[in-house]
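Undergrad: everything below, folded, please.
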Amino acid sequence: MNKQQFLNSGLLEQFVLGLTSPEEDKIVQQYLHKFPELNNELNALHQAMDQYALQHAIPPPKSQYPAEAYDANAYVSDSHYRFNWSLLTTIVLAFLSFYLFRNNQHQQKDILQIEAEHAALKTYCQTSQDKVQAQLLMLDKIQHPHTQSIVLAGTEIAPAHFAVAHWNPTLKEGWLDPTKLPILPKGKQYQVWADINGEMISIALIPPNSRELISIAYMDNAESINITEEALGGADHPNVDLLMANATL
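TA: Presented below is the predicted three-dimensional model:
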């Protein structure tokens, strides 16, 4: 068992009370040697026991001492542990209560951690489900009878690469599959443009190195679709020197 499991086992409290077997004593000593910081816990338990003993020690009747010689505090300090069995039982129960209280605290902490992990997992599952549902809805639209699939061929910069756009004049929606475009270096991303009367209008920013179908803005009068490499965050005007793929509509 690890250090936390050892602390939760109650062996240290039983060791302080002298309730452990020789085999259990060896186990406690091994953990004290392996984890020196446990000695702080041991000392704290001893101090708690000492304090309890001082508060509950039983002094002899005053009649056994001359009045001028009687000092209850001195007697308690000297005798240190004059317990009766009832007091010993009380101390054992007190330490067991302390152990159960601390163990309950650890259990509560574990429960809170499990609940947090469950909530995070639930959120992740819900996010994943929403994402899948959105992709399925997008695929249904791509299969719409009025959806046109257009291959954006790679330019001289990337002749072996391409992208596929899906354009639907009826739904007035568009989508793009960027999975066949080259991987970009860090700090770069692709931007999609529609050519309308000679003016390039940005219709989408492709998330860096995305491998998923994305939505692009539909433009009624678009004459072509173009993809350029831009700095992360996109640009107001396309970098025509880094035109990666395009197609006429």
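
Undergrad: in the chain, which spans are strands?
TA: Taking DSSP state E, the strands of the chain run over residues 148-154, 162-168, 173-177, 188-196, 199-205, 214-216, 224-231, 243-248.

Undergrad: give me the below-cutoff pLDDT ranges for this protein.
TA: 49-106 (pLDDT under 70).

Undergrad: domains of it?
TA: 3-115, 148-248 (automatic domain parsing).

Undergrad: now the last one, how far from the centre of its chain.
TA: The chain centre lies 36 Å from the centre of domain 148-248; the measure is Cα atoms, centre = their mean, to the nearest Å.

Undergrad: same check on stretch 18-36?
TA: Counting by Cα atoms, centre = their mean, stretch 18-36 comes out at 35 Å from the chain centroid.

Undergrad: so which bits of that stretch are buried?
TA: By neighbour count on 16 or more other Cβ atoms under 10 Å, the buried set for stretch 18-36 is T20, I27, V28, Y31, L32. No exception for glycine: its C-beta is placed from N, CA and C like everyone else's.

Undergrad: nearest to L205, out of those: which one, please.
TA: Distances from L205 to the buried residues of stretch 18-36, taken as Cβ to Cβ, are shortest for Y31 (57.0 Å).

Undergrad: contacts only, for that closest one.
TA: By Cβ atoms under 8 Å, 6 or more residues apart in numbering, Y31 lies in contact with K3, F6, L38.

Undergrad: let me have the buried residues of stretch 18-36 in TSV, extended by distance to H118.
TA: Converted to TSV, these look like this (distance: Cβ to Cβ, whole Å):
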residue	distance to H118
T20	37
I27	34
V28	35
Y31	32
L32	36
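
Undergrad: just give me the closest of these to I157.
TA: Using Cβ to Cβ, Y31 is the member of those that lies nearest I157, at 64.9 Å.

Undergrad: which one of the buried residues of stretch 18-36 is nearest to A160?
TA: Lowest distance from A160 to the buried residues of stretch 18-36 (Cβ to Cβ) belongs to Y31, with 63.0 Å.

Undergrad: so that closest one versus Q133, what's the distance?
TA: Y31 sits 52 Å away from Q133, going by Cβ to Cβ, to the nearest Å.

Undergrad: which parts of the chain are helices?
TA: Ranges of helices in the chain, per DSSP state H, are 3-9, 11-17, 22-34, 38-56, 72-79, 85-142.

Undergrad: quick one on the thing from earlier: and which of the buried residues of stretch 18-36 is nearest to Y190?
TA: Using Cβ to Cβ, these come closest to Y190 at Y31, 58.0 Å.

Undergrad: mind checking how far that closest one is from Q5?
TA: Using Cβ to Cβ, one gets 10 Å for the distance from Y31 to Q5.

Undergrad: quick check: buried residues in stretch 215-228?
TA: Applying a neighbour-count criterion of 16+ other Cβ under 10 Å, one finds I216, Y218, M219, A222, I225, N226, I227, T228 buried in stretch 215-228.
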